[in-house]
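>>> Sequence and predicted structure are below.
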Amino acid sequence: ENLEQRAIELYKQLKSRPPGHVYSDSTEMVRIIVQTVQSQDWVLKELFRHLSKLLGCKQKIIDLLPSIDVALNCIKEADNSVMQMQGKRQREIWHLLKIACTQSSARSASSSMDGPVPSSVPAWLSQTAQANVLQPLPFLEASRNALNFAHLLEENLSYLDSFSAVIQEARHDQNSSMMSLDWSWLD
């Protein structure tokens, strides 16, 4: 821009001179024109240098495109493979869960058909209690203790039966709540 302004000023100076001085010294104008041409050459060289860099980059990109396509295809295949494995794993987990729920419900159903949950009273204790109830001891004190013991044992057994019934009911409720869920998506 500076060179352009100076060239315009020189042109105005030459134009404003009288016709008799036409052959005056024009070295200043020649110098400005030479600088403009040199500046233009430098700008063109820089432009060509940048364009050649851009072309080199474009060529490298073109050369890399097949490799990028291959890598993208490999990534897609790996992603599909991982998704299939994940789906298979999920189906297997749900299948195992379904089997476990079925076995659990079958166990609870068979135990409910058999009657109350078996008592956890040791066999020796129940035999002793029956023997004490059926065969009173000769001493009065011993018989009172045996009656108290038998009464406590019967009370404990009734509590055990009540507790077993509550546990069985809770199991039944749990199984029915598990079975009432929508498991159709497992198929």
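Ah, there it is. Residues are numbered from 1 along each chain as shown.
>>> among the helices and strands of the protein, which has the poorest mean pLDDT?
Least confident element among the helices and strands of the chain, by mean pLDDT, DSSP states H and E: helix 123-134 (a mean of 46).
>>> ranges for the helices of the protein?
Secondary structure of the chain by DSSP state H: the helices cover 2-16, 27-114, 123-134, 140-179.
>>> Worst mean pLDDT among these?
Least confident of the helices of the chain, judged by mean pLDDT, is helix 123-134 with a mean of 46.
>>> residues contacting Gln103?
Residues near Gln103 by Cβ atoms under 8 Å, 6 or more residues apart in numbering: none. The C-beta positions use only the backbone N, C-alpha and C, and glycine is treated the same way.
>>> Glu28 too?
With the criterion set at Cβ under 8 Å, 6+ apart, Glu28 makes contact with Leu10.
>>> Distance check, it against Asp173.
Distance from Glu28 to Asp173, counting by Cβ to Cβ, to the nearest Å: 108 Å.
>>> Equivalent analysis for Val43, please.
From Val43 to Asp173 the distance is 88 Å (Cβ to Cβ).
>>> swap in Leu51?
80 Å.
>>> do the same with Val70
From Val70 across to Asp173, the span is 58 Å (Cβ to Cβ).
>>> And for Asp161?
Distance, Asp161 to Asp173, by Cβ to Cβ: 19 Å.
>>> Now do the buried residues in stretch 149-163.
In terms of neighbour count (16 or more other Cβ atoms under 10 Å), stretch 149-163 has its buried residues at Ala150, Leu153.
>>> C-alpha coordinates for that stretch, CSV please?
Extracted in CSV, the C-alpha atoms of stretch 149-163 (Å, rounded to 0.1, in the frame of the first residue of the first chain):
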residue,chain,number,x,y,z
PHE,A,149,-39.8,-78.4,80.8
ALA,A,150,-42.5,-80.1,78.7
HIS,A,151,-44.7,-76.9,78.8
LEU,A,152,-41.7,-74.7,77.7
LEU,A,153,-40.8,-77.2,75.0
GLU,A,154,-44.4,-77.2,73.6
GLU,A,155,-44.5,-73.4,73.8
ASN,A,156,-41.2,-73.2,71.9
LEU,A,157,-42.4,-75.7,69.3
SER,A,158,-45.5,-73.7,68.8
TYR,A,159,-43.4,-70.6,68.3
LEU,A,160,-41.2,-72.5,66.0
ASP,A,161,-44.2,-73.6,63.9
SER,A,162,-45.5,-70.0,63.8
PHE,A,163,-42.1,-68.8,62.8
